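*Asks:* Can you look at this prediction? I've put the sequence above it.
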Amino acid sequence: MLFIVLLTAPLGAAVASLFVRKSTAVLEWLTLLASAVYLTAASGITYAVVVRGTSGEGADFSADALVAILIMIIAVVGSAAAWYSTGYLREEVRKQIIGFSRIKQYYILFNLFLMVMFLAVITTSPIIMWIAIEGTTLSTAFLISFYNKPSAMEAAWKYLIINSVGLLLGLFGTLLFFIPLLRSGDSNGLITWQMLLDSAGTGNPLIAKVAFLFLLTGYGTKMGLAPMHTWLPDAHSKAPVPVSSLLSGVLLNVAFFGILRFKAVTDRAVGQAFADNLLMFFGLFSVVVAAFIIFIQKNYKRLLAYSSIEHMGIMALGFGFGGAGPFAALLQMIYHALAKSVLFFSAGNILLKYSSTKTDKVRGVISALPVSGTVFLIGFVVIAGIPPSGIFLTEVSIFSAGILSSPVVAVAALFAVVLVAVGFLRIVASLLFGKKPDSLPGGEAGLRTIIPMIAVLSILICFGFFIPGPLRSLIRAAAGGR
Amino acid sequence: MAGQYFEYQFFIEMLILTSSIFMHLVRKNSSIVVLYMVQSFLVVLLLVLSSIHRLSAALLAVIVLTFLVKVVIAPVFFFGLIKKNRLKFSVSTYLNVPVTLVVLTALVAVAHSHFFTSFTAIITRGPDTLFLCIASILISFFLIINRKGALSQMIGVLSLENSIVAFASMAGLEQTPGLQLGIVFDILVWTVIAVVFVSMIYRQYGSLDVTAMRHLKE
């Protein structure tokens, strides 16, 4: 029942929003109500997984430790983004940037986006996961072109075409993985992850390798791994800020989830080395590309987008290195999702105040926006992996695992990560400090744009110093059962 | 009977590949849409053959919906778009025709290369048909890369999807009818959204040439 609730809450809010006439408050309450419901359902499912190891509903939906982590990330960041949206969009209405029809469109697509992400992770079928991930492209395309500016439209078109092509390659790879099952006649109906795993050793290893290559290219495009990342900085920087936080903090992880599921099948079919090497290659490439571009970045929303590419690369490296890497990579997934939403929310407040995303037009954020500026600074400390942040520990663990298994890759990635931190620091220092323009009045936009940010930051700081036992066991199970 | 079935499959896949190649050569937007219609109709024929071969009545619903979406609805949208915005000739490519033909030849050669030889294990009869499918996939992919027009890129994506469906049908990798309906519905939504985007791009830029989009260059 909880699985159905998880899907119907955002879907119901989207459908109900269709019938709302002229009341922004009703749209907001529908979304907030849905967020409370799916957060509860996600917690319930996670609790069941912690207690019993798995949770399921019929043959169609199931959750293991990895799924539980993912649905909690979607639910927590989704709820925070929903709360933040209410304040952010009101402020945009006040500034006459958008009107009611845009807000309505926003809430409908926002809820549909969350629903398909939940579906992608809880379904037992790889094909339904593919349909759901394609659904995320379709539901967010209009959110990226939300402001109808030429650059936003350009970003949305790029997003639509590149991701659709990537996902079609992913579909091709998925179908190739089905060959042993369909050949043996073991499947007459829905093919599940478990069936794929069980049949993994019976197929042609070369086909499994080709299939994983296509899958990694396909879902890697959605995950933002270089060199397939080109859509990501544009899309993440042009979308409304709460959507950017979901794209960066959640959607990339959902795509990575798809890769990890197929990696488990590939490991069984051809051994672990093949997928590990590919993940290391794409991971290192992503970290290096992001490092160099972050260093010359002049737009703080794009900076955050490139930082996501870097972190996806580090997570891919974590799984590629093996040992303690997967555990640390999963923990980094959680930290990154929370930290990136905090950073995007505070960046949204900066954008509302300065009306620009260009770094040379923003100065003295700490004095103009004391709360958002401070949160941005803390977010930077976490995301750059500066001690005592949690990401510092996860990155140390990942690179330690790398030194043991692939020292050259680990050292190269480590240099790139340091470069990212330096580049990030340079931009953050110029944004936050200095003198704010005299014509700019100080003060935050309102509580609605601050409370969600502080709430997520609190969770992030708590988890940075203390990982609760159930969460630790979930991560351990997810890392072990990859 | 089985031999005839494989012969028909081979012949249809040859035509699908030919349509993919011709998509690279035509210069009119309406011609590329007609080619997409023909290609989609051929894919529907493949599905019909498969349903007869497998004696599966459930596939009929998928076939009807595929026909409606790919052969009727999508082309109607595309022709409407061409007519509304008078987009008779807005097809241009990055590579000229001779170089394009060289690349197409190379892609067909790659489809028959060592990288894909393991695919012969998928079917014992007619592995050449599978190579044709792979060539069609690669050529459709190249169409998306080589074309500057947004409409052509969109048709390239749909042609890639057709080629993958043809591959799945050849290799006996068809999913349950329910899932196939889900995929076709997904394609329908994708087409609608992409057509809306193409209209918006035309309104904004007065052209469908994606090289005119330069607002993201920073």
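*Replies:* It's in. Residues are numbered from 1 along each chain as shown, chains lettered A, B, ... in the order given.
*Asks:* From the rest of the structure, what touches the helix or strand containing residue A:454?
*Replies:* Assigned by DSSP states H and E, residue A:454 belongs to helix A:451-465. With Cβ atoms under 8 Å, 6 or more residues apart in numbering or on different chains as the test, helix A:451-465 has contacts from A:76-77, A:80-81, A:83-84, A:87, A:334-335, A:338-339, A:341-342, A:345-346, A:349, A:371-372, A:375, A:378-379, A:382, A:388-390, A:471. No exception for glycine: its C-beta is placed from N, CA and C like everyone else's.
*Asks:* hmm, try it at 6 Å
*Replies:* Helix A:451-465 is contacted from outside by A:80, A:83-84, A:338-339, A:341-342, A:345, A:375, A:389-390, using Cβ atoms under 6 Å, 6 or more residues apart in numbering or on different chains.
*Asks:* and chain B, which of the residues you listed reach it?
*Replies:* Contacts with chain B within the contacts of helix A:451-465, counted by Cβ under 6 Å from any Cβ of the partner chain: none were found.
*Asks:* right, and the pair among those residues with maximum separation?
*Replies:* By the measure Cβ to Cβ, A:83 and A:389 form the most distant pair in those, at 24.1 Å.
*Asks:* still on that earlier bit, can I get the contacts of helix A:451-465 in TSV including secondary structure?
*Replies:* Putting the contacts of helix A:451-465 into TSV (DSSP: H, G, I helix; E, B strand; the rest coil) gives the following:
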residue	secondary structure
A:80	helix
A:83	helix
A:84	helix
A:338	helix
A:339	helix
A:341	helix
A:342	helix
A:345	helix
A:375	helix
A:389	coil
A:390	helix
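*Asks:* which residues of chain A fall in strands?
*Replies:* Listed in chain order, the strands of chain A (DSSP state E) span A:55-57, A:61-63.
*Asks:* For chain B, which residue occupies the most central location?
*Replies:* residue B:159 (1.3 Å; Cα atoms, centre = their mean).
*Asks:* Is it within a helix or a strand, and which one?
*Replies:* Here residue B:159 is assigned to helix B:150-170, by DSSP H and E.
*Asks:* Which neighbouring elements make contact with that helix?
*Replies:* helix A:150-177, helix B:29-54, helix B:127-146, helix B:177-205 (3 or more Cβ pairs under 6 Å, 6 or more residues apart in numbering or on different chains; DSSP states H and E).
*Asks:* Just the pLDDT for residue A:441.
*Replies:* We have a pLDDT of 83 for residue A:441.
*Asks:* swap that for residue B:161, sorry
*Replies:* On the pLDDT scale, residue B:161 is placed at 93.
*Asks:* Residue A:263 versus the nearest residue to it once chain neighbours are set aside, what's the distance?
*Replies:* Closest residue to residue B:161 apart from its sequence neighbours, by Cβ to Cβ, 6 or more residues apart in numbering or on different chains: residue A:168 at 5.7 Å. Distance, residue A:168 to residue A:263, using Cβ to Cβ, to the nearest Å: 20 Å.
*Asks:* what's the answer for residue A:394, then?
*Replies:* According to Cβ to Cβ, residue A:394 and residue A:263 sit 19 Å apart.
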